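**Q** Build the 3D model from these lines:
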Amino acid sequence: MARPDSSASGAAGARGGAEGNALSLAWSFGFNKNIVNGVHSLADETRDALFYVAAHTGIIYDYRTRRQKFLQGHCNAITAACVSEDRRWIATA
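**A** Presented below is the predicted three-dimensional model:
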């Protein structure tokens, strides 16, 4: 699970990848259309964001700032994703 509002990604997340990953992503274009309910709104009073999946990566896109945060770490493609009711937690499998 990941907290989309946490700063766990730190500076590495701002660059697009986390230390130890084979690739350092700069931008993700597109999403996995085969995941049922694969796009989730994370919008609330303080932010305008979406969560979606592209291959092995979960992406939080802030459409106010036009920035992406990458949640990396899956060895296989992500096939399921859900977000808690309060939009604070994301689970992927």
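**Q** Distance check, Arg64 against Phe70.
**A** 18 Å (Cβ to Cβ, to the nearest Å). Placement of C-beta: from N, CA and C, glycine included.
**Q** same deal with His40?
**A** Taken as Cβ to Cβ, the span from His40 to Phe70 is 16 Å.
**Q** Give the residue from the two that has the larger number of neighbours.
**A** Neighbours per residue, other Cβ atoms under 10 Å: of His40 and Phe70, the larger number sits with Phe70, 25 against 20.
**Q** Okay, and the beta partners of the more buried one?
**A** In this entry, Phe70 is beta-bridged to Ile59, by DSSP bridges.
**Q** swap in Tyr52?
**A** Here Tyr52, judged by DSSP bridges, has bridge partners Ile59.
**Q** Spit out the contact partners of it.
**A** By Cβ atoms under 8 Å, 6 or more residues apart in numbering, Tyr52 lies in contact with 31-32, 38-40, 58-59, 61, 81.
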